[in-house]
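1. I'd like to go over a predicted model; first the sequence, then the structure.
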Amino acid sequence: MNTVNSKDFLLAVEGLTVSFDGFKAVDDLSFYLDPREIRVIIGPNGAGKTTVLDLICGKTRATSGSIRFAGKELTRLKEHQIVHAGVGRKFQTPSVFEDLTVFENLEVSYPRGHSVMGALAFRRDAAVVEAVESVAETIFLKDQLDRPAALLSHGQKQWLEIGMLLIQKPDLLMLDEPVAGMSVTERKKTAELLKVITENHTVLVIEHDMQFVGDIADRVTVMHQGKVLSEGSIEHVKSDPKVIEVYLGH
Amino acid sequence: MKTSASPLKWLASREGLYYLALALLLVVILPLALDPFRLNMVGKYLTYAFVAVGLVMCWGKAGILSLGQGVFFGLGGYCMAMFLKLEASTPEATAIQSTPGIPDFMDWNQLTELPWFWEPFHSFAFTLIALIGVPVLLALIIGLAMFTRRVGGVYFAIITQAIAAILTILIIGQQGYTGGVNGITDLQTLMGWDIRTDEAKTLLYFVCVGLLFLCLFTARFVQNRKLGRILVAMNAQEMRVRFSGYDVAAFKIFVFCLAAAFAGVGGALFTLIVGFMSPSFIGIVASIEMVIFCALGGRLSLLGAVYGALLVNAAKSGFSESLPELWPFLMGALFIGVVLAFPNGLAGLYQTYVMPLEARLFRRRTPTPPAAPATGRKDDGKPFDPMIDHFSPEKS
Ligand SMILES: Nc1ncnc2c1ncn2[C@@H]1O[C@H](COP(=O)(O)OP(=O)(O)O)[C@@H](O)[C@H]1O
Ligand SMILES: [Mg+2]
């Protein structure tokens, strides 16, 4: 696997390791994402899934290993530089700007005027309004634009955060348990939303709901104790004895 | 910007009326009601309002509590004092010194030559640049050292406090270069214009009011831009701001420098209005007092900060005249009271108790609400809220 030319991949994670006071939450992990691929990471609680996303987006610094994204080494970049390189990250618990309206939340994420001077000079022009309204349509919040985000339901906040990523036009979207805590109808709509998104993005999703995983995944990576346990199609990993043992063995 | 597009319409808005009321108070009512001595005192209080307005941006909005704003106030003040002192120290005026032509305290400390860093303060243009530039430069250095390393919260507050202590000790220790604990005194003229007369003091008061409004409008401008939204967002959700592609440290450095610039201008005016500058206005206690002005006025409200600075200082003068030893306790009690009972200060109280009355009055006077603009995004319909000094969406 290590001999593959990483240039062909959108994302190439190799030998990634992070150690928290000696505890290796991610341990010599390698995986590769093709452009336009939908990859789902599954694994028991504490397997290190969230930590992998933290490492890719720069929230946590790797102890060793490399993360190459579209020809750039991400392990050396700062968080905002990684965003500008084209990586968007949604957190497990919804994190939106509660005091701002839905419109303003999306506007803040619009990829222009991100320097101090840029933010001072930023004007809400037609392009911004158009982009915000089109994303709001996608995330089912078109009629909520003027509401403060604090008043949205849990599911709507999750969508808003996804919208905040979409408006950045990232090449890689990383979503951490996007349907956790959602009602059945919200789940259904989110699945629809993800289908739309996956048409023209590379997506890395962490999810538990196997039904949902089967619906969207091109390939599945199963993590266990910081390592890759199995990788392949959903059918492949489901029938992998190692996976069955981890999921059913305790 | 909205203000420049229709300044008259803005003045008639609720926010505009609050600004008008403050202008009326400072430009008309107080000058008519007070004698030059008292007016000069108000001018002195207003120089603290510059610091308080900076703290609203830095602490109230962006959540960066600095307990060392006295440092920037002091640096601005010392820059001005150095210029004035050099002007007062002509060879003729200081002929009795062993080295004529240098400030008196240098002579007393056996200095025989003007130190190199005093030289440029012969120039008024340099002084004007320095009284903003020196505080901003120091804020930039502190900001780069702290914010890029993600030092924040209580740690940052303690470090700024330590810097205030260090600067005070430095100034007191280097008596020959700084005037020591007495500060720089005996300031007389500004480019030949005697600043000690009643007329000069009154004029300086008005200059101070004018610059304070300039500072308020600058803060308001920043606050109403996307930059202002980022500052507030950063306070509550720093991580989300970072992962929306913003370099959080750069924004923190910016707002910290902005507050330092305001404080520097306030300090320079303080020197002009009071006639001297000393380390007691820089140190830990002075810096904490500045935070109290801001907290009492309402740390989220620019105008509240001005009233906070005025009222606390007026109370301080009142008490210092009758019961000086009680003032520190009262000040402490006031601060605890504000933090526990009304964390949004006077502005918060005003919003809770006075604005509902105002709203009733307004409704009676304007029976038909103004029609919403037909095109573009309409205002979000939120009532004006001095707590957030509202950022209404700009019209496209
Ligand atoms: N910043 C951290 N410091 C110490 N331990 C951490 C940190 N982040 C995660 N961990 C630990 O790493 C392990 C993996 O966590 P996580 O990636 O959140 O798992 P998952 O998302 O797969 O449930 C857990 O045991 C967790 O306690
Ligand atoms: Mg997790």
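-> Sure, I can see it. Numbering: from 1, shown residues only, chains lettered A, B, ... in the order given. Ligands and ions are numbered 1, 2, ... in the order given.
2. most centrally placed residue in chain A?
-> When C-alpha atoms, centre = their mean is applied to chain A, the residue found nearest the centroid is A:Met174 (1.1 Å).
3. is any part of stretch A:22-36 close to ligand 1?
-> Yes - counting by C-beta under 6 Å from any ligand atom, ligand 1 is contacted by stretch A:22-36 at A:Ala25. (Each C-beta comes from the backbone N, C-alpha and C, glycine too.)
4. beta partners of the residue nearest to the centre of chain A?
-> A:Arg89, A:Leu204 (DSSP bridges).
5. pretty sure it contacts A:Gly58?
-> No - counting by C-beta atoms under 8 Å, A:Met174 sits too far from A:Gly58 to count as a contact (11.6 Å).
6. quick one: pLDDT of A:Gly15?
-> Here, the pLDDT recorded for A:Gly15 equals 95.
7. what sits against it?
-> A:Asp28, A:Leu29, A:Ser30, A:Ser64, A:Gly65, A:Ser66 (C-beta atoms under 8 Å, 6 or more residues apart in numbering or on different chains).
8. hang on, it in a helix?
-> No - with DSSP: H, G, I helix; E, B strand; the rest coil as the criterion, A:Gly15 is strand rather than part of a helix.
9. what's the following helix or strand after the helix or strand bottoming out on mean pLDDT in chain B?
-> The weakest-scoring helix or strand in chain B, judged by mean pLDDT, DSSP states H and E, is helix B:2-5 (a mean of 50). Sequence order places helix B:7-12 as the next helix or strand after helix B:2-5, per DSSP states H and E.
10. quick one: the strands in the chain?
-> I went with chain A, as the question did not name one. Taking DSSP state E to define them, one finds strands in chain A at A:11-20, A:23-33, A:38-42, A:64-69, A:72-73, A:87-90, A:172-176, A:202-206, A:219-224, A:227-232.
11. actually chain B
-> B:189-190, B:193-194.
12. who's in contact with the residue of chain B found nearest ligand 1?
-> Using C-beta to the nearest ligand atom, the single residue of chain B nearest to ligand 1 is B:Met239, 13.0 Å away. For B:Met239, the contact set (C-beta under 8 Å, 6+ apart) comprises A:Lys59, A:Phe91, A:Ser95.
13. make it 7 Å
-> Applying C-beta atoms under 7 Å, 6 or more residues apart in numbering or on different chains to B:Met239 gives the contacts A:Ser95.
14. how near is it to B:Arg150?
-> The gap separating B:Met239 from B:Arg150 is 11 Å, by C-beta to C-beta, to the nearest Å.
15. count of neighbours near residue 20?
-> With no chain named, the answer covers chain A. Number of residues near A:Phe20 (other C-beta atoms under 10 Å in any protein chain shown) recorded here: 11.
16. actually it's chain B I care about, not the one you picked
-> 12.
17. now B:Val222
-> 18.
18. didn't A:Glu104 look like it was pressed against B:Arg229?
-> Yes - assessed by C-beta atoms under 7 Å, A:Glu104 is found in contact with B:Arg229 at 6.3 Å.
19. residue ranges with poor pLDDT in chain B?
-> Scanning chain B for pLDDT under 70 picks out B:1-5, B:364-396.
20. what sits closest to B:Ile273 if chain neighbours are left out?
-> Sequence neighbours aside, B:Gly43 is the residue nearest to B:Ile273 in space, at 4.6 Å (criterion: C-beta to C-beta, 6 or more residues apart in numbering or on different chains).
21. quick one: contacts for the one you found?
-> When contacts are counted by C-beta under 7 Å, 6+ apart, B:Gly43 touches B:Leu204, B:Tyr205, B:Cys208, B:Ile273.
22. so which of these sit within helices?
-> Of the contacts of B:Gly43, the ones assigned to helices by DSSP state H are B:Leu204, B:Tyr205, B:Cys208, B:Ile273.
23. TSV please, covering these and showing distance to A:Val108 and neighbour count.
-> Listed next are those as TSV, based on distance: C-beta to C-beta, whole Å; neighbours: other C-beta atoms under 10 Å in any protein chain shown:
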residue	distance to A:Val108	neighbour count
B:Leu204	42	19
B:Tyr205	41	25
B:Cys208	36	26
B:Ile273	41	22
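24. separation between the residue nearest to A:Gln158 when sequence neighbours are not counted and A:Pro178?
-> Counting by C-beta to C-beta, 6+ apart, A:Gln158 lies nearest to A:Pro94, which is 5.1 Å off, once chain neighbours are set aside. Relative to A:Pro178, A:Pro94 is positioned 10 Å away (C-beta to C-beta).
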